[in-house]
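In: Sequence unavailable; structure follows:
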């Protein structure tokens, strides 16, 4: 049955209990009998989806209403009240935003939906990307009054990267200023989406309701527009539409929409107001009707040998540390099933792992199960080296022969941190506990980096933004009960060489000598140093060199590039070649690494390095009469104005590139200057060389 006219208060769900959640949420009694039956759902009836959106577009509210519609909860949780099922961390409830992705499985009619609610804040972009590894499709939620926003574009690019089909949901349609036509235009121009509107709004604000386009008369413009869009994308449908329109029944239309959606030619568009339960049940129907099941999802495999085999393979998409159960790994099962005691082979680490327990999480309860089946997600314990993005396969000799380091899915992209600060324990007795806690958090969140300042001996933590590091501090205090001090935030500058340099260095230590000849040159590939390239000069042969010696030299090069010659910042966009190498037979790896480090540091002094600073993409939506105030503030921050776009008759959108070093307190100052009437979106843009004036300021500050 196609989508029908709904009003606030209509419910279509069935009674059940929550099935799976990444972390503990709220306490309630689980009906394990119902859950056990659900766990046996056929793979064709499974939907693995994610909810993606800009912050405050209504992701968590929509998810809470889905659980209420499905009968999972007796009362829909509220973000404002801090009693949601999905946002359960103290930091999430205090701020009213999603910080950690949360997954829950529930039945809708005769389907099982595995849903992941993701963060919308730019600081937690990596949390979104790793969740995408487990999804087969996404629901993109827009605030109907604000349209496509900065983080909407970011999460859309991530979904496109993984080739995920999508449904677009315009939320907050009862909000003043909601505009479907504006959203459709922005979806086409900003995201390149071909939306397929399946619903029509009726009324505004309190009188808002929804009408299905197929409830309209046959000759209505909205109905014909949908059929014409389908005819443009599907030749068989076009033939029926032109020659035998009476044969276009609901099943034919639905199957065509589904195939166009799976092929990413069209994105069905629905509307609603989640806070008032308008359109949520229809969204659930669309998810089960149009989005793919695991069988219809194409995923790359590790190798041709694996593709021909019939063994298990899956992927770890999240790690969580539980105080009682230890490290828990969340797996997406692409083929086969996983059972307690099963041996798995980590392809990325080239190491054997053993599953101790297989579990499903029911809100704050973890229930052991005998088996997790293909196409679903599972929680397992006992995996010691597996981290986010690692591929796991059946532990068979056939798989062992494959080359290590290959991956089932695209490697998780983790941007370089843009902020860092020192972190100190409140007392010497807590120092080890602090390091242990940070190591646990680093396993959970791969976007946080930790290092030790060689001169001061301080622990340094790096993150994606102010909020990211604030949450880290609160976790250390609340979860791990540590009294910690975190220094002021500092911008993560980088250095890069501008010219090529060669240098041959000899190190003699304890009667042992190491001679190493390296070439350092700017790299066309952006990013940190990856590997040492062997480029022997004429007459040099590396085949007789002991491989661990090359590995030690590579480690030394990496260490040398971790601190540049100008500000001690990491060196990026660099390539290093090994031209010649000679070492005493008994030279230790540490001595070889030291020689390589010293050689690299001399090369950096010769390669005319320059300092790079991070620039942020800034988007400010503001009333037209306040644009001068915004422009003036941005001008003081060395911003480059890219465009001033017209959102509507009264609102303008100022887009600029601004150095991160100038962004501190910008949100507060903007709120003051515009009397709270501006909306700010910020995301990382790129690194570029600092200007002469800024270079002098940095030299006076750091040198």
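Out: Yep, that arrived. Bear in mind the structure is a predicted one, so any value in this text is a computation, not a measurement.
In: remind me, longest helix of this protein?
Out: Ranked by residue count under DSSP state H, the longest helix found in the chain is helix 589-606.
In: give the contact list for residue 188.
Out: Residues in contact with residue 188 (CB atoms under 8 Å, 6 or more residues apart in numbering) are 194-195. C-beta here means a position set from N, CA and C on the backbone, and glycine is covered the same way.
In: Phi first, then psi, for it.
Out: The phi and psi values for residue 188, taken as degrees, to the nearest 10, are phi -70, psi -40.
In: shaky segments in the stretch 301-450 of the chain?
Out: 301-310, 361-365, 395-411 (pLDDT under 70).
In: again, only this time at 50
Out: Along the stretch 301-450 of the chain, the parts satisfying pLDDT under 50 run over 301-304, 307-308, 397-410.
In: residue ranges for the strands of it, please.
Out: Per DSSP state E, counting those that start in this stretch, the stretch 301-450 of the chain carries strands over the ranges 313-322, 326-335, 343-346, 351-354, 357-362, 365-368, 377-381, 391-394, 419-425, 449-452.
In: right, so of the ones you listed, which gets closest to residue 665?
Out: strand 419-425 (13.8 Å; CB to CB).
In: tell me which residues in the closest one are buried?
Out: For strand 419-425, the neighbour count (16 or more other CB atoms under 10 Å) marks 419-421, 423, 425 as buried.
In: and of those residues, the nearest to residue 513?
Out: Using CB to CB, residue 420 is the member of those that lies nearest residue 513, at 37.6 Å.
In: Any idea how far stretch 478-496 is from the middle of the chain?
Out: 22 Å (CA atoms, centre = their mean, to the nearest Å).
In: Check stretch 529-548 too.
Out: 37 Å.
In: The strand ranked longest in the chain: how far from the chain's middle?
Out: The longest strand of the chain (DSSP state E) is strand 610-623. Computed by CA atoms, centre = their mean, the chain-centroid distance of strand 610-623 equals 21 Å.
In: Determine the set of other helices and strands touching the helix or strand that that strand is followed by.
Out: Counting by DSSP states H and E, the next helix or strand C-terminal to strand 610-623 is helix 627-636. Where contact means 3 or more CB pairs under 8 Å, 6 or more residues apart in numbering; DSSP states H and E, helix 627-636 is packed against strand 610-623, strand 640-646, strand 651-659, helix 666-673.
In: still on that earlier bit, let me have the strands of the stretch 301-450 of the chain in CSV, extended by distance to residue 691.
Out: What follows is the strands of the stretch 301-450 of the chain, written out as CSV (distance: least, CB to CB, whole Å):
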stretch, distance to residue 691
strand 313-322, 41
strand 326-335, 45
strand 343-346, 46
strand 351-354, 48
strand 357-362, 52
strand 365-368, 55
strand 377-381, 49
strand 391-394, 44
strand 419-425, 21
strand 449-452, 27
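In: closest to residue 656 out of those strands?
Out: That would be strand 419-425 among the strands of the stretch 301-450 of the chain, by CB to CB, at 19.8 Å.
In: Run through who's touching that closest one.
Out: So strand 419-425 is in contact with 431, 433-434, 438, 449, 453, 456, 458-466, 468-469, 473, 476, 482-492, 660, going by CB under 8 Å, 6+ apart.
In: Let's see which of those end up in strands.
Out: 449, 459-463, 484-486, 490-491.
In: Run through the stretch 101-250 of the chain and note the low-pLDDT ranges.
Out: Across the stretch 101-250 of the chain, nothing is flagged by pLDDT under 50.
In: Try it again at 80.
Out: Within the stretch 101-250 of the chain, the stretches with pLDDT under 80 are 101-102, 120-125, 150.
In: all helices of it, in order?
Out: Assigned by DSSP state H, counting those that start in this stretch, the helices in the stretch 101-250 of the chain fall at 125-132, 150-161, 180-186, 221-233, 235-243, 250-262.
In: Now the shortest one: buried residues?
Out: Just to be clear, that refers to helix 180-186. Applying 16+ other CB under 10 Å to helix 180-186 flags 180, 182-184, 186 as buried.
In: hang on, the earlier thing: filter the contacts of strand 419-425 down to the buried ones, ChimeraX style.
Out: The ChimeraX command for the buried members of the contacts of strand 419-425 (criterion: 16+ other CB under 10 Å) is given here:
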select :434,438,449,459,460,461,462,463,464,465,466,468,469,473,476,482,484,486,489,491,492,660
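In: hmm, back to that, of the buried residues of strand 419-425, closest to residue 201?
Out: Nearest to residue 201 among the buried residues of strand 419-425 is residue 419, at 42.0 Å by CB to CB.
In: just how off-centre is stretch 619-637 within its chain?
Out: 30 Å.
In: Start and end of that stretch, how far apart?
Out: Counting by CA to CA, to the nearest Å, you get 14 Å between the two ends of stretch 619-637.
In: buried stuff in that stretch?
Out: In stretch 619-637, counting by 16+ other CB under 10 Å, buried: 619-622, 626-627, 629-631, 633-634, 637.
In: Much appreciated, bye for now.
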